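Peer 1: When you get a sec, could you give me coordinates for this:
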Amino acid sequence: MSAIRIEKVVTSGTFSLDGGTWDVDNNVWIVGDDSECVVIDAAHDARPILDAIGDRTLTQILCTHGHDDHLGAVTDVLAAHPDATVSIHPDDRMLWDAVMDQPPTGALTDGQQITVGGARLDVLHTPGHSPGACCFRIADEGVVFSGDTLFQGGPGATGRSFSDFGTIVESIRSSLLSLPPETVVHTGHGDDTTIGDEAPHLAEWIARGH
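Peer 2: The predicted model follows:
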């Protein structure tokens, strides 16, 4: 069996919501082995994502949430891999439907297990940044893909529609900070962090919201 590969591709584009548009760089994560993989958040530009997939079989695109900067390359990646599926949590369908012409082909649920290339990804529903936000944990590799739920320095943004600060802090507390402290957090934007680096700041985040 091939070893698990975790690769990061950074793509650039814009994020638009509530009438505003901002320039952003997104982390796209490709997880699998030498024969098959999944893509976590097909953002902005399909070309570097397809280059990273190479000649492997793409089984799924997994969406951490439905903001448009995380969905921009979905259509083009699927066009190149028509047998792959794309999944998002149903609570983010209103965000998906605002920018996508076709419905997703799969629905993510809390506790769901997704296997690819010998790796098992556990789905963690972590609402707050958006109602359907999800993280993906690979326990055997000691990593979690946090999307925009947890960053180096604290929770993701909650100042826009469909987001809530109290909800995201509770999601992080209950679903992420309970993971082993050495767990590496692969984020949706910016640098990695660890659960151990972020956990001591929970009280500060709570105070920030009051």
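Peer 1: contacts for stretch 191-202?
Peer 2: Outside stretch 191-202, the residues that touch it by Cβ atoms under 8 Å, 6 or more residues apart in numbering are 144, 150-154, 169, 172-173, 176-177, 179-187. Quick note: C-beta positions are derived from backbone N, CA and C, even for glycine.
Peer 1: brain fart, stretch 11-28
Peer 2: Counting by Cβ under 8 Å, 6+ apart, 8-10, 39-45, 48-49, 52, 67-70, 72-73, 160-161, 186-190 sit against stretch 11-28.
Peer 1: Make a ChimeraX selection of the buried ones in the residues you listed.
Peer 2: To isolate the buried subset of those in ChimeraX, counting by 16 or more other Cβ atoms under 10 Å, use the following:
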select :9,39,40,41,42,43,44,45,49,52,67,68,69,70,72,73,186,187,188,189
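Peer 1: Next step: the contacts of stretch 11-28 restricted to strands.
Peer 2: Residues of these located in strands (DSSP state E): 8, 9, 10, 39, 40, 186, 187.
Peer 1: Out of those residues, which comes closest to residue 31?
Peer 2: residue 40 (6.6 Å; Cβ to Cβ).
Peer 1: Find the helix or strand that the residue lying closest to the closest one once chain neighbours are set aside is a member of.
Peer 2: Nearest residue to residue 40 in three dimensions, chain neighbours excluded: residue 29, at 4.1 Å (Cβ to Cβ, 6 or more residues apart in numbering). Secondary structure assignment for residue 29, by DSSP states H and E: strand 20-32.
Peer 1: Pull out the buried residues from that strand.
Peer 2: 24, 26, 27, 28, 29, 30, 31, 32.
Peer 1: which two from these end up farthest apart in space?
Peer 2: 24 and 32 (25.5 Å).
Peer 1: So, low pLDDT: which residues of this structure?
Peer 2: Low-confidence segments of the chain (pLDDT under 70): 1-2, 209-210.
Peer 1: Which residue ranges of it form helices?
Peer 2: 46-53, 74-80, 93-99, 165-171, 195-198, 202-208 (DSSP state H).
Peer 1: of those helices, which approaches residue 116 most closely?
Peer 2: helix 46-53 (12.0 Å).
Peer 1: Check which helices and strands the closest one is in contact with.
Peer 2: strand 5-17, strand 20-32, strand 36-40, helix 74-80 (3 or more Cβ pairs under 8 Å, 6 or more residues apart in numbering; DSSP states H and E).
Peer 1: I'd like the ones you listed as CSV, with distance to residue 206 appended.
Peer 2: Shown next, in CSV, are the helices and strands packed on helix 46-53 (distance: least, Cβ to Cβ, whole Å):
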stretch, distance to residue 206
strand 5-17, 25
strand 20-32, 27
strand 36-40, 28
helix 74-80, 35
